[in-house]
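Asker: pasting the structure only:
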């Protein structure tokens, strides 16, 4: 259960209580002279750091996706790096570019 911080507006006293969120809501309804206070900002998780290494399980999953979709961006990035696979991807890319040009995309 989380710990919530409160302040008694009559006395100015701050205190902490451990309770569920629903209990907190009911407690504040029952005690209008008590207000909830934020003592510490919550920790935020950000996925902006690109230098972070991924674990082996995630790399394996990307490899499987790339194998199933060899001509996608993921396939180019994480797929088979062999000469044959690379040449196939280049041929498909060249064909798609010509087709799109002919169709007017």
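Answerer: The structure has been received and is ready for your questions. Bear in mind that the values here come from a model prediction, so they are computed numbers and not experimental data. Numbers count the residues shown, from 1 in each chain.

Asker: Would you map the helices across the chain?
Answerer: Per DSSP state H, the chain carries helices over the ranges 21-30, 56-68, 73-78, 83-103.

Asker: Quick check: mean pLDDT of the last one?
Answerer: What that stands for is helix 83-103. The pLDDT scores in helix 83-103 average 89.

Asker: next one: the shortest one
Answerer: Mean pLDDT, helix 73-78: 86.

Asker: list the helices and strands it packs on?
Answerer: helix 56-68 (3 or more CB pairs under 8 Å, 6 or more residues apart in numbering; DSSP states H and E). Every C-beta, even on glycine, is put in place using the N, C-alpha and C of the backbone.

Asker: Tell me the gap between the helix it packs on and the middle of its chain.
Answerer: Averaging C-alpha positions (CA atoms, centre = their mean, to the nearest Å) puts helix 56-68 18 Å from its chain's average.

Asker: next one: stretch 21-40
Answerer: For stretch 21-40, the separation from the chain centroid amounts to 30 Å (computed by CA atoms, centre = their mean).

Asker: what's in contact with it?
Answerer: 2, 4, 5, 6, 7, 8, 9, 10, 14, 17, 19 (CB atoms under 8 Å, 6 or more residues apart in numbering).

Asker: Using PyMOL, make a named selection holding only the buried ones among those residues.
Answerer: Restricted to buried positions by 16 or more other CB atoms under 10 Å, the PyMOL selection for the contacts of stretch 21-40 reads:
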select buried, resi 4+6+7
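
Asker: domains of this protein?
Answerer: With automatic domain parsing as the criterion, the domains of the chain are listed as 3-37, 56-103.

Asker: Any buried residues in the first one, and which?
Answerer: This points to domain 3-37. Residues 4, 6, 7, 24, 34 are the ones in domain 3-37 that count as buried (16+ other CB under 10 Å).
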